[in-house]
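Participant: need a structure here:
(one chain, ligands or ions: 1)
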Amino acid sequence: MASHLEEVEYKNGEKHGPWVQYYAGGGKRREGAFDMGKKTGKWVEYHKNGQPAAVNHYQHNQLIGEHVSYYESGHLKQTGQFNELRGKSSDGRKTGTWTFYATDGKTVWRRITYKNGSRTKADEHPLGVCPECGRVVESPAWEKCPKCDSELA
Ligand SMILES: [Zn+2]
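Facilitator: Below you'll find the predicted structure:
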């Protein structure tokens, strides 16, 4: 019986209206809404501890507008943007600068710049890479490379 893990309403056999899914333990796992079977509006995913994990927006089942994700601590993890729907093939594609934060929620370790879903330039890595193996450094707290165990300056 999975029915208690999901709250949903149907219209003409399609999911329609507010939708909530729960973890087996009872906390919210995801919530959003459907418009005749298609994801619409704001959707939120939650960590098991109840903190939001990701916030997205949908229109006609496609990601649009702002994306934000969070670590279990509540600190910012990633921000970015999707194209709005304008009846073009580029609708719903990643656009602009996507920013990735270290677990402190402040230090940027990666920036990716998109236009219509394609990278427009090389990714930026403000914390640098491991001098031995090239692994991107994701946190100023790293003292050793998790890939090759080299000391990081
Ligand atoms: Zn390394």
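
Participant: who's in contact with the helix or strand bottoming out on mean pLDDT in the chain?
Facilitator: Of all helical and strand segments in the chain, the minimum by mean pLDDT, DSSP states H and E falls on strand 6-7, at a mean of 90. With contact meaning Cβ atoms under 8 Å, 6 or more residues apart in numbering, strand 6-7 is reached by 18-22. The C-beta positions use only the backbone N, C-alpha and C, and glycine is treated the same way.

Participant: cool, and stretch 22-32?
Facilitator: Against stretch 22-32 from outside (Cβ under 8 Å, 6+ apart): 4-7, 18-21, 39-46, 48, 50, 58.

Participant: restrict the residues you listed to contacts with the ion.
Facilitator: Taking Cβ under 5 Å from the ion as the test, the ion is in contact with none of the contacts of stretch 22-32.

Participant: ok, back up a step: which one of the contacts of strand 6-7 sits closest to residue 125?
Facilitator: Of all the contacts of strand 6-7, residue 21 has the smallest distance to residue 125: 35.4 Å, by Cβ to Cβ.

Participant: how many neighbours does the closest one have?
Facilitator: 16 (other Cβ atoms under 10 Å).

Participant: PyMOL command to pick out the buried ones of the contacts of stretch 22-32?
Facilitator: Here is the PyMOL command that selects only those of those that count as buried (16 or more other Cβ atoms under 10 Å):
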select buried, resi 19+21+39+40+43+44+45+46+58
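
Participant: Now go through the contacts of stretch 22-32 and say which are in strands.
Facilitator: Assigned to strands by DSSP state E, the following of the contacts of stretch 22-32 qualify: 6-7, 18-21, 39-46, 58.

Participant: about what we covered before: list the helices and strands the helix or strand that comes right after the least confident helix or strand of the chain packs on?
Facilitator: Remark: after strand 6-7, the chain's next helix or strand is strand 10-11, criterion DSSP states H and E. Here strand 10-11 touches no other helix or strand, going by 3 or more Cβ pairs under 8 Å, 6 or more residues apart in numbering; DSSP states H and E.

Participant: for the record, mean pLDDT for stretch 9-19?
Facilitator: In this model, stretch 9-19 has an average pLDDT of 96.

Participant: Spell out which parts of this protein neighbour the ion.
Facilitator: Within the chain, the positions adjacent to the ion are 130, 132-133, 135, 145, 147-148, 150 by Cβ under 5 Å from the ion.

Participant: Many thanks, I have nothing further to ask.
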